[in-house]
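[1] Just need the structure, nothing else, for what follows:
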Amino acid sequence: MLQKVAFFLIAAGVLVLIGWAVKGFFLAADIPIWIRIAVGAIGLGVLILIGIAIKDRLSKKGNEGFKEVDK
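    Below is the predicted model of the structure:
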């Protein structure tokens, strides 16, 4: 139980720091708009791929059929 709380706190802290950095990047006036759009598209693509990988892993979690293993 305490381990889950610790992981949650670490994840929350990391997300806050990432959000702060992303906000600073996208609101910076000296960075051209096309670079900000490209970085946003790359970030969104990475998030979509991670979400798909997690969804596939969770759907196959209970579906692992070990045919040659004796119970």
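[2] so where do the helices sit in this protein?
    2-27, 33-61 (DSSP state H).
[3] Same list, these, but as CSV with mean neighbour count and mean pLDDT please.
    Backbone N, C-alpha and C define where each C-beta goes, glycine included. Supplementary listing: the helices of the chain in CSV, determined by neighbours: other C-beta atoms under 10 Å; pLDDT from 0 to 100:
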stretch, mean neighbour count, mean pLDDT
helix 2-27, 10, 95
helix 33-61, 10, 93
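[4] distance of Lys23 from Gly51?
    22 Å (C-beta to C-beta, to the nearest Å).
[5] Repeat that for Leu15.
    With the distance defined as C-beta to C-beta, Leu15 ends up 15 Å from Gly51.
[6] before we move on, what about Phe7?
    19 Å.
[7] now do Ala38
    To Gly51, Ala38 is 21 Å away according to C-beta to C-beta.
[8] same check, this time on Ala28
    According to C-beta to C-beta, Ala28 stands 27 Å off from Gly51.
[9] swap in Leu2?
    Leu2 sits at a distance of 28 Å from Gly51 (criterion: C-beta to C-beta).
[10] shouldn't Ile31 be in contact with Phe25?
    Yes - with the criterion set as C-beta atoms under 8 Å, Ile31 and Phe25 qualify as a contacting pair; they are 6.9 Å apart.
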